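Peer 1: Need coordinates for the following:
(chains A and B)
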Amino acid sequence: MEPRSRSFYILAAFFAVFIAFLYGPTVVIGVLSFQGAGGGLTFPMRGVSLHWFHELFEQQAVGDIWASFRRSFLLGLLVMVATVVISVMGGLAFRNRFVGSTVLFYVVIVSLIIPSILVSLGVGLIWSRAGLDVHWSTSGLGAQLTWTLPFGLLIMLAVFNRFDPSYEEAARDQGASSWQTIRHVVLPIIAPSLIGVALFGFTLSYDEFARTLLTSGSQNTLPLEIFGMTTNVTTPVLYALGTLTTGFSFLVIGLFLFVVWLVDDKRRKSGSDAGKGMA
Amino acid sequence: MQRTANKLSADLSGWLLSAPIALVLAVFLLAPIAMIVIVSFWGATEYSIYPDFQFENYEFLLGSSVTYRVFLNTFKYAAATWAITLVVGFIVAYFLAFHVRSLKWQVALFLLCTIPFWTSNIIRMISWIPFLGRNGLANSLLLSTGVVDEPVEWLLFSDFSVILAFVHLYTLFMIVPIFNTMIRIDKSLIEAAVDAGASGLQTVWHVVIPLAKPGIMIGTIFVVTLVMGDFITVRFMSGSQSANMGRMIQNDIGLLQYPSASATAVILLVTVLLVIGILLRFVDIRSEL
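Peer 2: Coordinates of the predicted model:
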């Protein structure tokens, strides 16, 4: 290998600064959430304590954030399952051209780039004119899917673009039905990507704000609750909550990455020929 | 006959498999857009809205100088954020694609860049307060090094903090597509350029940038639409002192002026679609996946 050039070190320094910029603020509020009981929103730290985390558990101080956390968690799971199932079906559909496939593709792109407040406003208007009550598990769920499905479908399209159809032909030659081919050949090969889609589905829903704003009704999801707090909570309890939710997000991301790694590792060790052609 | 039957069965399976996504998008995307267009012609009293067909909402909107200022502001944020995220995103993607040599490190550093995408935007905005506030870290640093004598006021709740937050939130949307096109560039092309006597910058300018253009375009589409459609970052980071189209819509919603909000929303949507339409002429998204 050639020695590292000077530009490598310059670029590496730039990258390091960028990472510091990306994570710096999060680290700072992580530190400040351990602010002493008399401390404020900025440095200096007046002692170190768990005071603000304790505050979080007192309902009157911050409202009912635990109920909104449970709601967001459940909604995230619902969106995750729906996103995975619907995206895989859509990905399979888009492997062949069908009448309307180009139009549908552009609708998916519109769903991705449309200003979120339009989804919120439009769904809210329809629900109110129809005399229905907006609720996070109905209108909220649908509004969030308009954000997660484009990501899920685009990932599936990328996966199937690289998918070698000869595995399926082999399965069909052996007499497998189309469902058997999908169940025993296609799904095992694309499994790691499905975990990726699930990660997108859960986390994008869990953190979604704009599309849920007018579609979740009187019961807030966690991001809505947190945003409400920014206008009336001026103590580090906000940071404590931020630290907890970010920690939770990291946990979820770590868990998904771990599962991907586990699946990959198991494949290598067991010498399964999935994704490698016929052994 | 056989061929038309096959074609029909291919269509049928395509329709069945894509029915769920089509249904969700019809109910929660297309119908809401149609509803907004309809309501934008309705009338409103202080407390309620009523079906009508009048152009008053548009007339009021397009006749007010406030609208044009807000419009301009929206473009200003989009342009500034686009320029900065493009430069930063390109450099980061270039470093990852061409200077990090082992796949393991590439994956690890790439993940490091993308993880914040899966965490809460609102928390990430809040986390700038201790940095930028009057008594924040940036001001203490500037004061203690003697760069300024008094705390700088424009760090938080200003255009500066709005754009900073946008860059913080959305640079990732540049990095991912640009990196994606860069790793597919044949390394021998770079070697050929170097062998032909091109300097590092010449190689980047004449070889890497033209080949990375599709990624740059996709990143541009993401960043421009996210910034133009935003309302929450502008509201939070400007301390409600600055406005863009999204904020205007949100204000009207707060006042229950849904027809007026809808008219603004229609104009915003048309603007965004026009911008995207122009950008899409330069890139074929499906071939980039």
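Peer 1: can you tell me the residue of the stretch 101-250 of chain B closest to chain A?
Peer 2: B:G229 (2.6 Å; Cβ to the nearest Cβ). Placement of C-beta: from N, CA and C, glycine included.
Peer 1: Now do the contacts for that residue.
Peer 2: If a contact means Cβ atoms under 8 Å, 6 or more residues apart in numbering or on different chains, then B:G229 has A:I113, A:I114, A:P115, A:S116, A:I117, A:L118, B:G246, B:L268, B:V272 as its contacts.
Peer 1: Which single one of the residues you listed is nearest to A:G201?
Peer 2: A:S116 (16.6 Å; Cβ to Cβ).
Peer 1: quick one: that closest one and A:G122 touch, right?
Peer 2: No: A:S116 is beyond contact range of A:G122, at 10.8 Å (criterion: Cβ atoms under 8 Å).
Peer 1: Same drill for those two, tell me which one is more crowded.
Peer 2: Taking other Cβ atoms under 10 Å in any protein chain shown, A:S116 and A:G122 do not tie; A:G122 has more neighbours (28 against 22).
Peer 1: dump the residue contacts of the more buried one.
Peer 2: B:A31, B:P32, B:I33, B:A34, B:M35, B:I36.
Peer 1: Could you give me the ChimeraX syntax to select whichever of those are buried?
Peer 2: Entered in ChimeraX, the line below selects the buried ones among those, by 16 or more other Cβ atoms under 10 Å in any protein chain shown:
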select /B:32,33,35,36
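Peer 1: ok, and of the contacts of A:G122, which contact chain A?
Peer 2: Among the contacts of A:G122, proximity to chain A is found for B:A31, B:P32, B:I33, B:A34, B:M35, B:I36 (Cβ under 8 Å from any Cβ of the partner chain).
Peer 1: So which residues of the stretch 101-250 of chain B form helices?
Peer 2: Secondary structure of the stretch 101-250 of chain B by DSSP state H, counting those that start in this stretch: the helices cover B:103-114, B:121-126, B:129-132, B:137-144, B:159-182, B:187-195, B:200-203, B:209-229, B:232-237, B:245-254.
Peer 1: Where does the record place the domain boundaries for chain A?
Peer 2: With domains defined by automatic domain parsing, chain A comprises A:1-61+A:235-279, A:64-232.
Peer 1: So for B:I49, which of the ones you listed sits nearest?
Peer 2: For the domains of chain A, the distance to B:I49 is smallest for domain A:64-232, at 8.9 Å, taking Cβ to Cβ.
Peer 1: now that closest one: mean pLDDT?
Peer 2: Regarding domain A:64-232, the rounded mean pLDDT is 90.
Peer 1: Just the terminal-to-terminal distance for it.
Peer 2: 14 Å (Cα to Cα, to the nearest Å).
Peer 1: swap in stretch A:42-49?
Peer 2: For stretch A:42-49, the end-to-end distance is 15 Å (Cα to Cα).
Peer 1: Skipping its backbone neighbours, what lies nearest the spatially most central residue of chain A in space?
Peer 2: Centroid-nearest residue in chain A: A:T203, 2.5 Å away (criterion: Cα atoms, centre = their mean). Leaving aside its chain neighbours, A:T203 sits nearest to B:W118 (3.9 Å; criterion: Cβ to Cβ, 6 or more residues apart in numbering or on different chains).
Peer 1: Between the ones next to chain A among the contacts of A:G122, which sits nearest chain A?
Peer 2: B:P32 (2.3 Å).
Peer 1: tally of neighbours for B:I163?
Peer 2: For B:I163, using other Cβ under 10 Å, the count is 21.
Peer 1: typed the wrong thing, it's B:D159
Peer 2: B:D159 sits with 17 neighbouring residues when counted by other Cβ under 10 Å.
Peer 1: Give me the below-cutoff pLDDT ranges for chain B.
Peer 2: Applying pLDDT under 70 to chain B flags the ranges B:1-6, B:285-289.
Peer 1: between the longest helix seen in it and helix B:103-114, how many degrees?
Peer 2: The residue-count maximum for a helix in chain B (DSSP state H) belongs to helix B:65-94. Relative orientation of helix B:65-94 versus helix B:103-114 (axes from the mean of the first three to the mean of the last three Cα atoms, to 10 degrees): 160 degrees.
Peer 1: And stretch A:260-273, what's buried?
Peer 2: Buried-residue list, stretch A:260-273, by 16+ other Cβ under 10 Å: A:V260, A:R267.
Peer 1: which of the contacts of B:G229 lies closest to A:S193?
Peer 2: Comparing the contacts of B:G229 against A:S193 with Cβ to Cβ places A:I113 closest, at 23.0 Å.
Peer 1: and the closest one, what does it touch?
Peer 2: In this structure, A:I113 makes contact with B:I221, B:F222, B:T225, B:G229, B:V272, B:I276, judged by Cβ under 8 Å, 6+ apart.
Peer 1: ok, those residues vs B:L141, which is closest?
Peer 2: Of all the contacts of A:I113, the one with the least separation from B:L141 (Cβ to Cβ) is B:F222, at 32.6 Å.
Peer 1: quick one: the closest one and B:Y170 touch, right?
Peer 2: Yes: proximity of B:F222 to B:Y170 meets the contact threshold set by Cβ under 8 Å, at 7.3 Å.
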